[in-house]
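**Student:** here's my sequence, what's the structure:
(2 chains)
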Amino acid sequence: MTTTSQAVRVFVVYIKASPDAVWDAITKPEWTEKYGYGGRADLELRPGGTFRHFASDEMKAMGSPDVAVDGEVVEADPPRKLVLTWRMVMDEAMAAEGWTRLTYELEEREPGVTKLTVIHDLDGAPRLEMVVGGAMESQGAGGGWSWVLSDLKSLLETGKRLAG
Amino acid sequence: MTDEDRVFKALADPTRRLLLDRLFDRDALTLTELESTLEMTRFGVMKHLRVLEDANLVVTRRAGREKLHFLNPVPIRQIHDRWIDKYTERQVSALMDLKHQLEGTS
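**Tutor:** You can find the predicted model right below:
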């Protein structure tokens, strides 16, 4: 990386689960529908493969089209690294901001504990940055990555989502 | 010390809260940039940053030759979910009870 965008957001969470379990929770639809915003993810795990995240029933009720997020797989190195282009299409203004870049890094820090780092490069996407940063939670946009990752941690460690 | 203890300990210092506010305003800062906003030695700033990193409130990434500091909001979210939600919900439901009582609907 030669230039650093000012709009990079970094989120780190430690989860008592193996990197394989965390990888599955990020990439498998039967897991992605269980936490955060829900909805089934569909990833072709090869460079250039398609990435789609389908809207949950709740998102559809709020007016989302069937596909809520779309993009492309840039890099897939299970269970260590996943890089995607990522565009929220459930809202026209955010769709117009174009594709951002999302990186997941998984690192086993001690046996059975995974450090999950989410790096979201939101250059040119100020509206999306507010949503994924959790700044629009009171308007019903959810708590962004902090909320999604806390929920994921709760689900993997206790089998249960956070309340609410 | 639990993860939560580390977060509360880190937040219990005004300089460290100020560092977090700086990173909230503008992320991806170098040590030199952070230092320039505080009346403190480089060593002092590094010491505080280490406590914030131990608590996972600040994370660093390398970009070329630079080490950049980012605010990690996830532990604050976890405290919010664990402590704040719990008590605000109780307040809301207490108000709802009061409303029902006053209106004679319960």
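
**Student:** doesn't A:Lys81 make contact with A:Ser107?
**Tutor:** Actually, residue A:107 is Glu. It isn't Ser. No - in this structure, A:Glu107 is not within contact of A:Lys81 by Cβ atoms under 8 Å, at 9.5 Å. Where you see a C-beta, it was placed from the backbone N, CA and C, and this is true even at glycine.

**Student:** could you list the buried residues of stretch B:27-40?
**Tutor:** Buried residues in stretch B:27-40, counted by 16 or more other Cβ atoms under 10 Å in any protein chain shown: B:Asp27, B:Ala28, B:Leu29, B:Leu31, B:Leu34, B:Glu35, B:Met40.

**Student:** now do the helices in chain B.
**Tutor:** Using DSSP state H, the helices of chain B run over residues B:3-11, B:14-25, B:31-36, B:42-54, B:74-79, B:85-103.

**Student:** tell me which of these lies nearest to chain A.
**Tutor:** Comparison of those against chain A by Cβ to the nearest Cβ identifies helix B:74-79 as nearest, at 3.7 Å.

**Student:** could you dump that closest one to PDB, C-alpha only?
**Tutor:** Extracted in PDB, the C-alpha atoms of helix B:74-79 (Å, rounded to 0.1, in the frame of the first residue of the first chain):
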ATOM      1  CA  VAL B  74     -15.500  -3.100  19.300                       C
ATOM      2  CA  PRO B  75     -14.600  -3.300  23.000                       C
ATOM      3  CA  ILE B  76     -16.700  -0.100  23.700                       C
ATOM      4  CA  ARG B  77     -19.600  -1.800  21.900                       C
ATOM      5  CA  GLN B  78     -19.200  -4.900  24.000                       C
ATOM      6  CA  ILE B  79     -19.400  -2.700  27.200                       C
END
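
**Student:** flag whichever of the buried residues of stretch B:27-40 scores worst on pLDDT.
**Tutor:** Lowest pLDDT among the buried residues of stretch B:27-40: B:Asp27, with 86.
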